[in-house]
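Visitor: Any chance you can model this:
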Amino acid sequence: MKTFMLLLGLCCFSAAAMDWNIQKLTPSTAFRGSAVLDGVAWVTGSDNRVYISKDGGNSWLDISVKGEPLTDFRDIEVFDANTAIVMGAGQGGLSKLYITENQGLSWRLLFDNPDELGFFNSIAFWDRNNGLLLGDPVGGCYVILRTADGGKTWQRIAKDALPTLLDKEVAFAASGNTLIVGKRGRAWFTSGGYSSSAYSSADSGSHWRRRPVALYDDTQTAGGYALAFNALGDLFVLGGDYQQRDKHDANLVYRRGYVWHKAPGTTPGLRTAMVCHEETCIATGKLSTDISHDHGYSWHPLLINGESQGFFTLAIEGNTLVAAGDDGRVAVHTFE
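Guide: Got it, this is the predicted structure:
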């Protein structure tokens, strides 16, 4: 076990300690998908990599998809201890879905991108059967696919159900959190590219509305990268610029009621994932991590082993958090 020291401020704040179980799996792998359910932690990444841990991160089992074209698994949806869908991201046929029903002992192709111009960004499911898939724009609007049979078949949401695409607007596949779903058929996704937007649907993805958010978006590679909720149900949008990962502090906003707010105290830089356990929230990007003790309304830098570092993706269930990032790094933390 390693100890993470939290720098809560230059003065007036006392340091706190969190014990994380950190491992380095394959150094060449970038892990961008994560999930935890029923005591099993899952991470997915480049070159068809998939790993699970059933002992709190002490050991990890390689259950990667073998014998298939190499792609970048940037999202995962887990339904029980045995069943999961992984999403490959890439141009055209590199965007695929695979499913396992035996905890990774075997995988089968579930869905193959039919559009050579398409690019999958994120998946999210309300339950075992019903879910959405977000893809890059094709034909002048985002590709939003909906399934009602666990991903066996998908239907594209009508183009006129989406707002007109903004000039140079794009979505990012950074951490599996570009698209999220909530109760009673609600769903959200975020976008960037000289603009920052949050899209929302109240009817299981059949129709969408767009609202601007005040994130840094002065370049084609900037804007919204991920979404999250705190324990109170407030929506957070995270972002920045992956070509300037250490710059700009307009990287996190939240909606409380019907008003958007900028959360003070975040470290400048791209943020691609956030999770909360009760009032404690953690937001991270490749280079650095922040912590909040008031539901995400204010933040402080989180130093890991005395230095600033971060992850691409975070996931949480109950009091168990899993993190994964660049250079094959994975971590599990259990909140007390």
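
Visitor: Can you classify Ala323 as helix, strand or coil?
Guide: What DSSP: H, G, I helix; E, B strand; the rest coil gives for Ala323 is strand.

Visitor: check contacts around it.
Guide: 20, 34, 284, 311, 313-314, 330-333 (C-beta atoms under 8 Å, 6 or more residues apart in numbering). Just so you know, the C-beta spots here come from the backbone N, C-alpha and C atoms, and that holds for glycine as well.

Visitor: And for Leu179?
Guide: Taking C-beta under 8 Å, 6+ apart, one finds 121-124, 132-134, 187-189, 227 in contact with Leu179.

Visitor: Pick out the most distant pair among those residues.
Guide: Using C-beta to C-beta, the pair of the contacts of Leu179 lying farthest apart is Leu133 and Leu227, separated by 15.4 Å.

Visitor: Comparing these two, which residue is more hemmed in?
Guide: Remark: of Leu133 and Leu227, Leu133 carries more neighbours, 27 against 24, as counted by other C-beta atoms under 10 Å.

Visitor: Check the spacing between the more buried one and Asp55 real quick.
Guide: Using C-beta to C-beta, to the nearest Å, we find Leu133 at a distance of 32 Å from Asp55.

Visitor: go on, Arg32?
Guide: Taking C-beta to C-beta, one finds Arg32 at 23 Å from Asp55.

Visitor: With Leu105 instead?
Guide: In terms of C-beta to C-beta, Leu105 sits 18 Å off from Asp55.

Visitor: Going by neighbour count, which residues in stretch 61-72 are buried?
Guide: Judged by neighbour count using 16 or more other C-beta atoms under 10 Å, the buried positions of stretch 61-72 are 63-65, 71-72.

Visitor: meant to ask about stretch 184-204
Guide: 187-201, 204.

Visitor: Ok, stretch 101-114 next?
Guide: For stretch 101-114, by 16+ other C-beta under 10 Å, it's 103-104, 107, 110-111, 113.

Visitor: those helices in the stretch 51-200 of the chain, which residues are they?
Guide: In the stretch 51-200 of the chain, no segments count as helices under DSSP state H, counting those that start in this stretch.

Visitor: can you pull out the strands in it?
Guide: Ranges of strands in the stretch 51-200 of the chain, per DSSP state E, counting those that start in this stretch, are 61-62, 72-78, 84-89, 96-100, 108-112, 120-125, 131-135, 143-147, 155-156, 179-181, 187-191, 197-201.

Visitor: of the ones you listed, which approaches Thr26 most closely?
Guide: Among those, strand 61-62 sits nearest to Thr26 (C-beta to C-beta), with 8.5 Å.

Visitor: ok now that closest one, how far from the chain's centre?
Guide: Offset of strand 61-62 from its chain centre (C-alpha atoms, centre = their mean, to the nearest Å): 22 Å.

Visitor: ok, residues contacting it?
Guide: 25, 49-54, 104.

Visitor: How about stretch 326-336?
Guide: 18-31, 36, 41, 43, 51, 53, 56-57, 60, 277-278, 280, 286, 311-312, 319-324.

Visitor: circling back to that earlier point, distance to Arg245 and mean pLDDT added to the strands of the stretch 51-200 of the chain, as CSV?
Guide: Shown next, in CSV, are the strands of the stretch 51-200 of the chain (distance: least, C-beta to C-beta, whole Å; pLDDT from 0 to 100):
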stretch, distance to Arg245, mean pLDDT
strand 61-62, 29, 98
strand 72-78, 17, 98
strand 84-89, 19, 98
strand 96-100, 28, 98
strand 108-112, 32, 97
strand 120-125, 19, 98
strand 131-135, 23, 98
strand 143-147, 27, 98
strand 155-156, 33, 97
strand 179-181, 22, 98
strand 187-191, 18, 98
strand 197-201, 21, 98
